[in-house]
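Novice: no letters, just coordinates:
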Ligand SMILES: Nc1nc2c(ncn2[C@@H]2O[C@H](COP(=O)(O)OP(=O)(O)OP(=O)(O)O)[C@@H](O)[C@H]2O)c(=O)[nH]1
């Protein structure tokens, strides 16, 4: 007798944020554990560097292992599908979400809509959402204008800033605004 075959149900057809590359969710609680902030965005946009700049007041160049020597909690989901539901759980209890793109990387900006869709689906409705155009120091490599970031943020009703994990510009302001 022939084994019964049936098509597997298609569970998802829309690409999701972070699908095509490793992506990592970084997050931390403030000291009294009441306020949770998470950082999301494509790989390489500078999430770790921004956290290190905020936490330690310095820029450590180069990609580095996020788990080494940093005094905050990191949930590294490595962008894997099986961790997707875990990622969504991170969103649910976050009070603030910092969504980063890299002003020198167009695809990181193009993926912002997918990230925002995901955030709106899973985050609490009163969570503070901030769109951050990072690497603002790299003016010669810039491909995303500040106005493009501002326009997108306005469209989604989120706060916008350009930041640099390297020079520190707007880094404290971004985290302080998120903590409000
Ligand atoms: N010039 C400049 N380089 C930056 C800035 N932020 C990050 N970088 C560099 O960009 C690269 C990626 O930074 P990471 O902080 O590792 O990026 P990430 O988003 O944490 O990446 P994943 O861990 O893969 O998700 C590194 O080489 C950083 O040194 C910035 O503001 N300015």
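Specialist: Alright, I've got the coordinates. Just so it is clear, the structure is predicted and the values come from calculations on it, not from any experiment.

Novice: rest of the way, CA atoms for contacts and neighbours
Specialist: Fine.

Novice: what ranges do the helices span in this structure?
Specialist: Using DSSP state H, the helices assigned to the chain run over residues 47-56, 84-92, 106-110, 112-122, 146-156, 171-178.

Novice: which residues of this protein score low on pLDDT?
Specialist: Counting by pLDDT under 70, the ranges of the chain that qualify are 1-34, 62-87.

Novice: deepest of the helices of the chain, which one?
Specialist: helix 47-56 (a mean of 22; mean count of other C-alpha atoms under 10 Å).

Novice: that helix vs helix 171-178, what angle?
Specialist: 90 degrees (axes from the mean of the first three to the mean of the last three C-alpha atoms, to 10 degrees).

Novice: who wins for proximity to residue 128 among the helices of the chain?
Specialist: Closest of those to residue 128 is helix 171-178, at 6.1 Å (criterion: C-alpha to C-alpha).

Novice: is the ligand contacted by the closest one?
Specialist: No: with C-alpha under 6 Å from any ligand atom as the measure, helix 171-178 is seen stopping short of the ligand, the closest distance being 9.4 Å.

Novice: and that helix, what does it pack onto?
Specialist: helix 47-56, strand 96-102, strand 128-134 (3 or more C-alpha pairs under 8 Å, 6 or more residues apart in numbering; DSSP states H and E).
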